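Participant: One predicted model, sequence on top.
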Amino acid sequence: MSALKDLRFKEDEDGELPSLVTGSELDLQDILDNVKSDGGINVVSQDKISRANRQTTSPASENNKKIPVSIITGYLGSGKSTLLETLAKKGSEMRIAVILNEFGDSSEIEKAMTIRNGDSSYQEWLDLGNGCLCCSLKNVGVKAIENMIERSPGKIDYILLETSGIADPGPIAKMFWQDEGLHSNVYIDGIITVLDCEHIAQCLDDVSERTHWHGEQVVLENNLTIAHLQIAMADRLIMNKLDRIEGNPLAISLLESRIRSINSEAPMYYTKYADIGIDKLLNLHAFDSRNVPNDNNLSSSLHDPRMSTVKLEFRPLQKHEYSKFFKDFLQVLLWKDMGAGPKQTLGEVHRTKGLLLIQEDKPTKHDVKVIQGVRDTYEVFSGGPTVSETCKLVLIGKNLNSQSISDLLHKTIIQ
Ligand SMILES: Nc1nc2c(ncn2[C@@H]2O[C@H](COP(=O)(O)OP(=O)(O)OP(=O)(O)O)[C@@H](O)[C@H]2O)c(=O)[nH]1
Ligand SMILES: [Zn+2]
């Protein structure tokens, strides 16, 4: 059930490149239909596509035996370490291990922090030094996290992973999700983004030409900043440093609608010195079948063209539409131009959450599936009973064109 790390064509894995022409085709369209491409760069065969997307039918209980990991992200100085210290001071019956991923030497200071567990306290941390987590995770990180768990069998109930202030949490979540090794003993429980209420608007406007992204320098085009990505991927938003703007209700409401225009889903908590109950942050199950799109405001009000949330609600699928939904809609959307179709300006999806109802024989009975996705990787779970009578899909991403996305959906399932 492992998802592939990447979809690039590999002779040893995929056998020889499927020949484009066998001579039996009627026309060019036939040839193109035989070969799926992921945006035209590589050839990806159908079976590789299905292997690349884990189809788990096991209920969420498969997570029970694994240790939940929460990714704590947020721009430089927003209050991530303060949050960890607050959680440590409050303690809890859970034994929490902290993974620090700090740039520069601040991790020395952070190391002094211990995690108290009732009266006893112990230090368990994994300092990845100056390597960006999602980069080092590919080599150092995975093994180190597994060793940390193996070194303290039964001593860790929860892992909090603090990313550096300029890390994009998407690839880190995907790495935990995709990497067979990691996936064996931990699971991503949720992404918690800490925002500095006083400065976050500036970060969203400060379109830094170049920024750190996985070791090499890339340009975040379309005036996008890492702050956008950290807000878009959040399952909880901690609006910290409230003390710095509490005297200005207008600033607070402007800030809130700005954040909501990027992520209209995640619950928002205002805090001072990250003072928040641990129960609001842990056991979110944001990446498994227990977390389905909620009902509130199905269409986001304000729209930040660079990063926004698109919510779709549609009738239950007929059985025969189920695979079509993935092949002709979701894969086209997540893997950009999947094939012969015209380049559709759909936008780039960073986070996908979906609840699908599939009509059984009896009209009132539905099979429930939950979709969880990060960037181009998605997972389908069997969902529990739901009160919802419609399918729901929440997409958070860059330059999303909600009209073309809903047109594509209606072309696919509502003929
Ligand atoms: N006024 C005010 N200051 C805060 C609040 N929360 C944290 N701070 C201060 O802001 C500074 C940065 O807090 P940290 O917790 O180190 O922020 P961080 O996100 O870990 O910073 P980096 O690790 O550098 O990305 C510290 O001096 C904190 O004491 C708050 O709610 N109000
Ligand atoms: Zn990185």
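Facilitator: Sure thing, it's come through. Numbers count the residues shown, from 1 in each chain. Ligands and ions are numbered 1, 2, ... in the order given.

Participant: Check whether stretch 166-173 comes into contact with ligand 1.
Facilitator: No. On the criterion Cβ under 6 Å from any ligand atom, stretch 166-173 is out of touch with ligand 1, staying 8.2 Å away. All C-beta atoms are positioned from the backbone trio N, CA, C, and that covers glycine.

Participant: near ligand 2 at all, that stretch?
Facilitator: No. Stretch 166-173 does not reach ligand 2 (Cβ under 5 Å from the ion); its nearest approach is 5.9 Å.

Participant: If the residue lying closest to His350 once chain neighbours are set aside is in a bridge, with which residues?
Facilitator: In this structure, His350 finds its nearest non-sequential neighbour in Gly397, 4.5 Å apart by Cβ to Cβ, 6 or more residues apart in numbering. Here Gly397 sits in beta bridges with Ser308, Val349, going by DSSP bridges.

Participant: Cross-check the contact I'm expecting between Gly397 and Gly347.
Facilitator: Yes. The pair Gly397 and Gly347 qualifies as a contact (Cβ atoms under 8 Å) at a distance of 5.6 Å.

Participant: which element is Glu321 on?
Facilitator: helix 319-324 (DSSP states H and E).

Participant: contacting residues around that helix?
Facilitator: For helix 319-324, the external contacting residues (Cβ atoms under 8 Å, 6 or more residues apart in numbering) are 356, 358-360, 369, 412-413.

Participant: Could I get the average pLDDT for stretch 201-210?
Facilitator: Computed over stretch 201-210, the mean pLDDT rounds to 69.

Participant: no, scratch that, I was asking about stretch 78-93
Facilitator: For stretch 78-93, the mean pLDDT works out to 80.

Participant: try stretch 265-283
Facilitator: On average, stretch 265-283 scores 93.

Participant: Could you tell me the end-to-end distance of it?
Facilitator: 17 Å (Cα to Cα, to the nearest Å).

Participant: Any buried residues in that stretch, and which?
Facilitator: 265-266, 269-271, 274, 276, 281-282 (16 or more other Cβ atoms under 10 Å).

Participant: Which parts of the stretch 251-400 of the chain are strands?
Facilitator: Counting by DSSP state E, counting those that start in this stretch, the stretch 251-400 of the chain has these strands, from start to end: 268-270, 307-314, 348-359, 366-374, 377-382, 391-398.

Participant: for the longest one, packing partners?
Facilitator: Helices and strands in packing contact with strand 348-359 are listed as helix 226-232, helix 319-324, helix 331-334, strand 366-374, strand 391-398; criterion 3 or more Cβ pairs under 8 Å, 6 or more residues apart in numbering; DSSP states H and E.

Participant: a markdown table for the ones you listed, including distance to Ile72, mean neighbour count and mean pLDDT?
Facilitator: What follows is these, written out as a markdown table (distance: least, Cβ to Cβ, whole Å; neighbours: other Cβ atoms under 10 Å; pLDDT from 0 to 100):
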| stretch | distance to Ile72 | mean neighbour count | mean pLDDT |
| --- | --- | --- | --- |
| helix 226-232 | 10 | 26 | 87 |
| helix 319-324 | 36 | 13 | 91 |
| helix 331-334 | 26 | 22 | 89 |
| strand 366-374 | 17 | 21 | 88 |
| strand 391-398 | 19 | 23 | 89 |
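
Participant: closest to ligand 2 out of these?
Facilitator: helix 226-232 (10.6 Å; Cβ to the ion).

Participant: so Leu237 bridges to which residues?
Facilitator: So, taking DSSP bridges as the rule, Leu237 has Thr193, Met268 as bridge partners.

Participant: For it, the count of nearby residues, please.
Facilitator: 25 (other Cβ atoms under 10 Å).

Participant: residues contacting it?
Facilitator: 193, 195, 231, 259, 263, 266-269.

Participant: go with 6 Å
Facilitator: 193, 266, 268 (Cβ atoms under 6 Å, 6 or more residues apart in numbering).

Participant: quick one: the second one and Asp235 touch, right?
Facilitator: Yes. With contact defined as Cβ atoms under 6 Å, Ala266 and Asp235 form a contacting pair (5.5 Å).

Participant: Could you chop this structure up by domain?
Facilitator: If you go by automatic domain parsing, the domain ranges for the chain are 62-280, 307-412.

Participant: Distance to Phe287 added to those, as CSV?
Facilitator: Formatted as CSV, these follow (distance: least, Cβ to Cβ, whole Å):
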stretch, distance to Phe287
domain 62-280, 5
domain 307-412, 5
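
Participant: quick one: which of those has the weakest pLDDT on average?
Facilitator: domain 62-280 (a mean of 74).

Participant: Longest helix of this structure, counting residues only.
Facilitator: Counting by DSSP state H, the longest helix found in the chain is helix 249-262.

Participant: now Ala173, what's its secondary structure?
Facilitator: Secondary structure state of Ala173, per DSSP: H, G, I helix; E, B strand; the rest coil, is helix.

Participant: for it, what are its contacts?
Facilitator: Applying Cβ under 6 Å, 6+ apart to Ala173 gives the contacts 188, 374.

Participant: Can you give me the distance of it to Thr377?
Facilitator: Using Cβ to Cβ, to the nearest Å, Ala173 is found at 10 Å from Thr377.

Participant: Can you lay out the strands of the stretch 251-400 of the chain as JSON lines showing distance to Phe326?
Facilitator: Compiled in JSON lines, the strands of the stretch 251-400 of the chain are given as follows (distance: least, Cβ to Cβ, whole Å):
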{"stretch": "strand 268-270", "distance to Phe326": "32"}
{"stretch": "strand 307-314", "distance to Phe326": "14"}
{"stretch": "strand 348-359", "distance to Phe326": "10"}
{"stretch": "strand 366-374", "distance to Phe326": "9"}
{"stretch": "strand 377-382", "distance to Phe326": "8"}
{"stretch": "strand 391-398", "distance to Phe326": "12"}
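
Participant: and Ser184, which of those is closest to it?
Facilitator: Among those, strand 377-382 comes nearest to Ser184, with 15.5 Å by Cβ to Cβ.

Participant: how about the helices in the stretch 51-200 of the chain?
Facilitator: For the stretch 51-200 of the chain, applying DSSP state H, counting those that start in this stretch gives helices covering 80-90, 106-111, 133-136, 142-151, 169-178, 180-185, 200-205.

Participant: can you pull the contacts of the closest residue to ligand 1 within the stretch 201-350 of the chain?
Facilitator: Distance from ligand 1 to each residue of the stretch 201-350 of the chain (Cβ to the nearest ligand atom) is smallest for Lys241, at 3.9 Å. Residues in contact with Lys241 (Cβ under 6 Å, 6+ apart) are 196-198.
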